[in-house]
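Colleague: show me the folded form of this:
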Amino acid sequence: MVPPGTSTTLDKVVYGQPQYNQIIIHDTSWNSLETAKAYLAAQKEAGTPVQIAYQLATPETYATDPIDFDNAAGPLHVISGGELEVRMTELVGTRSDVSNNTVAFTETAQDADIASGEKLSVLFGKIKKRFSAMLTAIADRYTKAEAEARFMPNPNLLDNSDYKIAQAGYNGAHGSTGYLCDRWSKYIVTGSMTDDGMLLTPSGAGAWIIQYKLLTDTGLSEGDTVTLTVVNDLTGRTFTADVTLVQASGQ
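Modeller: The predicted structure follows:
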């Protein structure tokens with residue numbers, strides 16, 4: 001690179017003529033404008049385009065007004081001889097996946113609906129505020145026990161109630177004890193999962209499946225009432241019975 005304003009007869013050099021607002025590339029192998037254009041096009045196609053960097057006479061600062069660069073034609077290269085900060089405010093295409101990104105946010109001061117086009121930090125701040133407002137409203141009106149009874153009624157106390165976990169396989173065994181699936185022991189019956197649920201096939205009278213639970217592990221106490229419900233999807237019948245606990249320390 002030859003300093004600006006310098007005239008030269010050297011071959012394959014770049015120099016500037018500021019008084020004419022010109023940047024001159026001198027290459028004796030170019031015998032026409034078409035030859036020069038062909039060379040530049042070939043360099044771009046090969047991924048090594050000719051690049052010219054120059055220093056501004058007066059530094060320009062873009063501290064408040066962001067600049068949008070349209071780099072749809074290819075990669076964007078930013079070159080600086082000093083301190084430079086680049087922030088990507090929007091990513092498009094496959095780079096828009098933010099599933100593994102971390103987001104710093106704070107709860108907003110006012111409860112407001114989320115809106116399309118808002119930043120993630122704003123969205124999460126609004127969501128946190130909405131949950132806080134809901135919990136505060138519930139706490140002002142209900143005790144903890146009342147809130148649980150009203151908003152979380154009839155929790156399922158059984159483990160693996162949908163029979164979908166079978167680490168030893170269905171109709172397998174843990175040690176010498178036969179199991180229908182995890183947490184469910186059985187007697188003279190086999191089961192198979194279907195689209196409608198667990199299909200039980202007994203091999204004799206008195207067949208059963210059972211799950212043992214310590215009542216103290218469920219948070220229940222003496223005098224509480226639990227509801228036992230069995231649904232037969234094949235017949236559409238539901239069998240329900242209410243049972244009052246008289247001792248919470250047994251099984």
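
Colleague: check contacts around residue 111.
Modeller: 126, 129-130, 133 (Cβ atoms under 8 Å, 6 or more residues apart in numbering). Bear in mind the C-beta positions are built from the backbone N, C-alpha and C, glycine included.

Colleague: buried subset of these?
Modeller: Among the contacts of residue 111, the ones that count as buried by 16 or more other Cβ atoms under 10 Å are 126, 129-130.

Colleague: reformat these as TSV; add distance to residue 150 and pLDDT.
Modeller: Putting the buried ones among the contacts of residue 111 into TSV (distance: Cβ to Cβ, whole Å; pLDDT from 0 to 100) gives the following:
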residue	distance to residue 150	pLDDT
126	26	95
129	23	94
130	19	94
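
Colleague: please flag which of those sit within helices.
Modeller: Residues of the buried ones among the contacts of residue 111 located in helices (DSSP state H): 126, 129-130.

Colleague: closest to residue 103 among those?
Modeller: Comparing these against residue 103 with Cβ to Cβ places residue 126 closest, at 12.7 Å.

Colleague: so who does that closest one touch?
Modeller: Residue 126 touches 108, 111-114, 118, counting by Cβ under 8 Å, 6+ apart.

Colleague: which two among those residues are spaced furthest apart?
Modeller: 111 and 118 (14.9 Å).

Colleague: and the contacts of residue 111 as CSV, adding distance to residue 160?
Modeller: Putting the contacts of residue 111 into CSV (distance: Cβ to Cβ, whole Å) gives the following:
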residue, distance to residue 160
126, 38
129, 37
130, 34
133, 36
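
Colleague: next, count neighbours for residue 227.
Modeller: Counted with other Cβ atoms under 10 Å, the neighbours of residue 227 add up to 10.

Colleague: give me the beta-bridge partners of it?
Modeller: Per DSSP bridges, the residues bridged to residue 227 are residue 242.

Colleague: and it, what's its pLDDT?
Modeller: On pLDDT, residue 227 comes in at 80.

Colleague: distance check, it against residue 153.
Modeller: 11 Å (Cβ to Cβ, to the nearest Å).

Colleague: and the helices in the stretch 101-250 of the chain?
Modeller: 120-141, 144-151 (DSSP state H, counting those that start in this stretch).

Colleague: now, which of the contacts of residue 126 sits nearest residue 207?
Modeller: Distance ranking of those against residue 207, using Cβ to Cβ, places residue 114 first at 53.6 Å.

Colleague: might you report the residue contacts of that closest one?
Modeller: Going by Cβ under 8 Å, 6+ apart, residue 114 touches 122-123, 126-127.
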